[in-house]
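# Give the three-dimensional model of this entry:
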Amino acid sequence: MAYASLATGVLLAAGFGSRFDPDGLHNKLLARMPDGTPVAHEAAHRLLQVVTRVLAVVRPGSDALARLLNDAGCDVMFTANAARGMGASLAAGIEASEDAEGWIVALADMPRIAVTTIEAVAHALDDGASLVAPFYQGQRGHPVGFGIEHRDALLTLDGDTGARSLLTSHHVMRLNVDDAGILRDVDTPEDLRNV
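Residues are numbered from 1 along each chain as shown. The predicted structure follows:
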């Protein structure tokens, strides 16, 4: 582990990935990247290099994904609220980690975020930042760090906008990084070739 943050990682892995497979037969998080590593495993692995605990939030019925994330070192939780969107999944993860001192929230379909970027977010959060996010060429990306003072607001999230309302209504410590991985997610099979 390069840097052991005090924060708890929350890996959101409960989406349906309908753009990747409109028929719903193949979970994009289990899809393999060119080196053979499953997308979600790589995202979890990178987060676990910085935080000692990662809580992976998955939807019911995603048993293969849950096993993969458990094997990667995550604590896995199922949330029946996954169908309501990313906000509801994030709220469930926050509720399940009530002993956390802060959170680094990452998306399981973003396997190419540099570990140094995750470390930078963690350092800022551990040093007292309330809300911190990386930016690449002016665009905000992931992961996002949330201090304990945002717990109540995070618990009320619902729908598919995630924590966007918090990020637009509060001051965000901006970390400019040279890491295009903070913006690159896997939404389509073509994206697998570009990660």
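# what's near enough to touch Arg32?
Counting by Cβ atoms under 8 Å, 6 or more residues apart in numbering, Arg32 makes contact with Pro38, Val39, Leu192. C-beta coordinates here come from the backbone N, C-alpha and C atoms, glycine included.
# Neighbour-wise, which one of the residues you listed leads?
When neighbours are counted by other Cβ atoms under 10 Å, Val39 leads the contacts of Arg32 with 28 neighbours.
# from memory it sits against Gly15, does it?
No: taking Cβ atoms under 8 Å as the definition, Val39 is not a contact partner of Gly15, at 11.7 Å.
# what residues are shared contacts of these two?
Joint contacts of Val39 and Gly15 (Cβ under 8 Å, 6+ apart) are Asp109.
# other SSEs contacting whichever helix in the chain runs longest?
The single longest helix within the chain, with elements called by DSSP state H, is helix 115-126. Where contact means 3 or more Cβ pairs under 8 Å, 6 or more residues apart in numbering; DSSP states H and E, helix 115-126 is packed against helix 39-48, strand 102-107, strand 131-136, strand 144-147, strand 173-176.
# before we move on, back to that, go through the contacts of Arg32 and name the one nearest Ala100.
Of all the contacts of Arg32, Ala100 sits closest to Val39, with 25.1 Å by Cβ to Cβ.
# Tell me how far the closest one lies from Arg164.
23 Å (Cβ to Cβ, to the nearest Å).
# where do the helices sit along this protein?
Secondary structure of the chain (DSSP H): helices at 39-48, 63-72, 86-95, 115-126, 151-155, 164-169, 189-193.
# Please name the nearest non-neighbouring residue to the residue most central in space within the chain.
Nearest residue to the geometric centre of the chain (Cα atoms, centre = their mean): Ala106, 1.6 Å. Take Ala106 and drop its neighbours on the chain: the residue closest to it by Cβ to Cβ, 6 or more residues apart in numbering is Pro143, 3.9 Å away.
# Now stretch 126-137: buried residues?
Asp126, Ala129, Ser130, Leu131, Val132, Ala133, Pro134, Phe135, Tyr136 (16 or more other Cβ atoms under 10 Å).
# re the thing from before, rank the contacts of Arg32 by pLDDT and give me only the lowest.
Across those, the bottom pLDDT score, 72, is held by Leu192.
# And stretch 94-111, end to end?
Stretch 94-111 has an end-to-end distance of 22 Å (criterion: Cα to Cα, to the nearest Å).
# Centre of the chain to that stretch, how far?
Distance of stretch 94-111 from its chain centroid, counting by Cα atoms, centre = their mean, to the nearest Å, is 7 Å.
# Which of the residues in it are classified as buried?
Buried residues in stretch 94-111 (16+ other Cβ under 10 Å): 94, 96-97, 100, 102-111.
# and what of stretch 170-178?
By neighbour count on 16+ other Cβ under 10 Å, the buried set for stretch 170-178 is Val172, Leu175, Val177.
# end-to-end on that stretch?
Start-to-end, stretch 170-178 (Cα to Cα) is 24 Å.
# Could you do stretch 54-74 as well?
5 Å.
# quick one: buried residues of that stretch?
Neighbour count says stretch 54-74 has 54-59, 62, 65-66, 68-69, 72, 74 buried, by 16+ other Cβ under 10 Å.
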